[in-house]
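> With the sequence up front, the predicted model follows.
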Amino acid sequence: MNWNSFWSWIVSAFHNAEPLLVIVAIELFAVFLAQVIHMFFARLTLMRHHKELLGKVNNDEVENQLVWVTDDNVLLISQIPHGTSVPQLFFPNTAVQKELKRICGQASWSEPVIPFTDQNRGILERLFNNVAEHNRAAHGEVRPWLVIPTYWDLPEDRTCIRMLVVSPEQLEKFIDWEWCKTVKVEGRTHWSRIIVLHRAALYYFHLEKGREDGRARRIGRMRLTIRTDDEPLRVNEIDWTGCEQREMMSKVGLAA
């Protein structure tokens with residue numbers, strides 16, 4: 001807008017037209033300018049709100065977690081920061097949250113690995129790529145890792161996908177349930193994670209290997225540089241004879 005021409009028009013109109021028309025024109029322009037300013041700040045507030053929500057979605061509904069068993073047989077679960085794929089994919093809206101809940105609902109205690117179906121393919125591929133983009137250490141040994149999309153130890157109404165990163169050698173140990181019962185945990189409620197890892201190990205080493213159909217390839221395999229030098233904050237032994245533990249084990253055919 002040419003402000004000099006605008007003000008020239010105002011002065012000319014004031015001299016050549018009724019003052020009332022000039023006043024109305026000025027009022028209309030003031031209203032228009034106020035609306036533009038309001039829309040700008042409203043948009044700015046909305047973008048800030050979306051950014052806050054997006055952070056909550058990233059941290060609460062999709063998490064990358066390193067699974068590691070120490071030399072003292074303590075199960076450690078530590079967060080791996082997101083790459084760039086998740087912010088592009090997960091935007092705070094009802095449709096995405098419903099889709100996450102649908103995908104999470106396909107995992108269970110007996111079959112904790114989320115199936116890699118045609119419907120799930122788009123989101124799961126983005127999540128696998130998100131893990132691949134991460135590098136927790138600038139210098140370190142590149143090793144093969146397994147990436148397991150699952151949903152564990154949370155209430156049924158939550159929409160939360162966990163991308164578990166575990167070494168093939170350590171996951172293979174979880175096949176032996178007697179060995180699993182010797183593993184200690186940091187949190188008292190983390191015993192259920194051992195059941196999930198046991199079932200995931202059985203699936204990967206006994207069912208998935210040797211199969212080439214798209215539905216079976218549900219565990220990602222990639223080479224990453226990830227630190228494994230974390231120490232447990234606390235250590236808790238698991239009482240597998242407890243009521244909750246026995247009930248859960250009976251659902252998946254395990255004995256205390």
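Looks like it came in fine.
> alpha carbons only for contacts and neighbour counts from here, please
Noted.
> give me every residue that touches Pro168.
Pro144, Trp145, Leu146 (CA atoms under 8 Å, 6 or more residues apart in numbering).
> Surely Cys160 and Glu99 touch.
No: Cys160 lies out of contact with Glu99 (CA atoms under 8 Å); the separation is 10.8 Å.
> Could you check how far Glu172 is from Val69?
12 Å (CA to CA, to the nearest Å).
> now Leu124
The separation that Leu124 has from Val69, given CA to CA, amounts to 26 Å.
> Just the CA atoms of stretch 68-75, as PDB, please.
Extracted C-alpha coordinates of stretch 68-75, given in PDB (Å, rounded to 0.1, in the frame of the first residue of the first chain):
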ATOM      1  CA  TRP A  68      20.000 -53.000  27.900                       C
ATOM      2  CA  VAL A  69      20.800 -55.600  30.500                       C
ATOM      3  CA  THR A  70      23.900 -54.800  32.600                       C
ATOM      4  CA  ASP A  71      26.600 -57.300  33.600                       C
ATOM      5  CA  ASP A  72      24.800 -57.500  37.000                       C
ATOM      6  CA  ASN A  73      21.600 -58.600  35.200                       C
ATOM      7  CA  VAL A  74      19.700 -55.300  35.700                       C
ATOM      8  CA  LEU A  75      17.300 -54.300  33.000                       C
END
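> Residues contacting stretch 102-114, please?
Here stretch 102-114 makes contact (CA under 8 Å, 6+ apart) with 115, 120, 148-152, 156, 159-161, 195-196, 199-200, 218-219, 251-252.
> coming back round to it: could you check which of Cys160 and Glu99 has the larger neighbour count?
For Cys160 versus Glu99, neighbours defined as other CA atoms under 10 Å are more numerous around Cys160 (25 against 15).
> For the more buried one, give its distance to Val36.
For Cys160 relative to Val36 (CA to CA), the value is 40 Å.
> So which residues of the stretch 151-256 of the chain form strands?
Along the stretch 151-256 of the chain, counting by DSSP state E, counting those that start in this stretch, strands occupy 161-166, 184-185, 220-224.
> Identify whichever of those strands lies nearest to Trp177.
When these are ranked by distance to Trp177, counting by CA to CA, first place goes to strand 184-185 at 13.4 Å.
> so what's Glu231 up against?
Residues in contact with Glu231, defined by CA under 8 Å, 6+ apart, are Leu76.
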